[in-house]
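Engineer: show me the folded form of this:
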Amino acid sequence: MFDLPVVVVKGEDSSIDFFDDNLMKFSKNRVCFGAVNALQVLEDSPARVVITEMNVGDMTGVELAEAIRDIDEELQHFTYIILIGAIHHEQVQQDQFHQSIDAVTGTKRPDVLEHLTLAGGRISKSINDLRRSNAALENLCTDLRKGQLLDPLTGLGNREYADLSLRDTIRQIESRGGAVCLVMISLHNYEEVKQTYDTSVAGDLVVSVSEQIQGLVRPLDVVTYFSQGLFALILMQPSIEQCTADCYKRIFDGVRLKSYTTKAGFQPVSIGMSLCAATADAGPPNPEKMIKIATGGLDDSVRTESIIIHHIKPE
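Structural biologist: Numbering: from 1, shown residues only. So this is what the prediction gives:
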């Protein structure tokens, strides 16, 4: 007995009856009459191999195969589909065959079909095992990213660290007063450098810019690499009046009015700087709102070559 889930789909005048005796060798065999019956069965319990004839009454074999592919996509599963019937070579060249049918045979020899079924079962098992492994790896990578607070390229905190620092600073201004200031600095030509040269050159530029920013801020200010080509600075000021363009012009000019050394030589930069500041006078500021506002001003900053300022005022 073969421990292999197989579904055989028959029409009214079935041409697959010759396989009935061999089908008994498969312990998990199911025989369906018509496409609708087969699809209902497969939605509840997917098979590794489906054997269908060219005409199953309510659908053609190709239409049934396409419907099975839709179920497979929804269930993150792969079914090996064998089509039986007298089929012209020109039909097999059509796109729908390549997209939905895995094997085609016109022979009525049960031993040939049995070998095809066993081979299809091994292929299906391998693909489904790989899908489960990939899903597990993706989940593991997601969990690792959630627990990782440092960016490996710059050594700065990453997006998660920026979020934690912003929330921590908001708690501090709630208890001590003052203002929280989120400054976004974009390396606007990051993608251009990466496309012109390569990722390593773009990485050199990011590292050089990050070192420049760290040399321009105060010791207790938090500098993070928020995402590709984007830095986030979290600062606390005694009052929101100190969160102005004049207060941060030194950082802005210090970063943008400079060329940076990379493997490909000196690279000019296109820098945007946008600032969102808030107090806790009307309750704690919303971190997501601050990030959205600060990020949203970067394009205008590059276009106008100025710092974009936004203060969230108590309602």
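Engineer: spatially speaking, which residue is in the middle of this protein?
Structural biologist: Relative to the mean C-alpha position of the chain, the nearest C-alpha, by Cα atoms, centre = their mean, is the one of residue 138, at 9.5 Å.
Engineer: and that one, what pLDDT?
Structural biologist: pLDDT for residue 138: 89.
Engineer: and it, that one's in a helix?
Structural biologist: Yes: assessed with DSSP: H, G, I helix; E, B strand; the rest coil, residue 138 lies in a helix.
Engineer: looking at it, residue 252 is touching residue 269, isn't it?
Structural biologist: No: the pair residue 252 and residue 269 does not pass the contact test of Cβ atoms under 8 Å, sitting 11.8 Å apart. The way it works is simple: take the backbone N, C-alpha and C, and place the C-beta from them, glycine included.
Engineer: so where do the strands sit in the stretch 1-150 of the chain?
Structural biologist: Remark: strands assigned in the stretch 1-150 of the chain by DSSP state E, counting those that start in this stretch are 6-10, 29-33, 49-53, 80-84, 103-105.
Engineer: quick one: closest of those strands to residue 215.
Structural biologist: strand 80-84 (60.7 Å; Cβ to Cβ).
Engineer: what pairs with that closest one, parallel or antiparallel?
Structural biologist: With DSSP bridges as the test, strand 80-84 is paired with strand 49-53 (parallel), strand 103-105 (parallel).
Engineer: circling back to that earlier point, quick one, which of the strands of the stretch 1-150 of the chain is nearest to residue 273?
Structural biologist: Each of the strands of the stretch 1-150 of the chain was checked against residue 273 via Cβ to Cβ, and the shortest separation belongs to strand 80-84, namely 56.4 Å.
Engineer: now the angle between strand 6-10 and the closest one, please.
Structural biologist: Our comparison of strand 80-84 with strand 6-10, counting by axes from the mean of the first three to the mean of the last three Cα atoms, to 10 degrees, yields an angle of 30 degrees.
Engineer: spell out which residues make up each domain of the protein.
Structural biologist: The record's domain parsing of the chain by automatic domain parsing lists 6-144, 159-312.
Engineer: winner for burial among those?
Structural biologist: Using mean count of other Cβ atoms under 10 Å, the stretch among the domains of the chain with the largest mean neighbour count is domain 159-312, at a mean of 18.
Engineer: so how far is that one off the chain centroid?
Structural biologist: 25 Å (Cα atoms, centre = their mean, to the nearest Å).
Engineer: so where's the chain shaky on pLDDT?
Structural biologist: Counting by pLDDT under 70, the chain contains low-confidence residues at 1, 87-98, 315.
Engineer: one step back: need the strands of the stretch 1-150 of the chain in JSON lines (columns: distance to residue 200).
Structural biologist: Rendered in JSON lines, the data for those read as follows (distance: least, Cβ to Cβ, whole Å):
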{"stretch": "strand 6-10", "distance to residue 200": "51"}
{"stretch": "strand 29-33", "distance to residue 200": "55"}
{"stretch": "strand 49-53", "distance to residue 200": "47"}
{"stretch": "strand 80-84", "distance to residue 200": "43"}
{"stretch": "strand 103-105", "distance to residue 200": "46"}
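Engineer: of all these, which lies closest to residue 280?
Structural biologist: Closest to residue 280 of those, according to Cβ to Cβ: strand 80-84, at 61.3 Å.
Engineer: now what about that closest one, what contacts it?
Structural biologist: Around strand 80-84, the neighbours that count as contacts under Cβ atoms under 8 Å, 6 or more residues apart in numbering are 15-16, 48-54, 61-62, 65, 68, 100-106, 113, 116-117, 120-121, 123-124.
Engineer: what about the helices in this protein?
Structural biologist: Along the chain, the stretches classed as helices by DSSP state H are 20-23, 35-44, 61-75, 89-92, 95-100, 110-147, 159-176, 190-196, 199-216, 245-256, 287-296, 298-304.
Engineer: and the residue nearest to residue 77 when sequence neighbours are not counted, how far from residue 80?
Structural biologist: Distance criterion Cβ to Cβ, 6 or more residues apart in numbering; nearest residue to residue 77, sequence neighbours excluded, is residue 46 at 4.7 Å. Remark: distance between residue 46 and residue 80 (Cβ to Cβ, to the nearest Å) = 11 Å.
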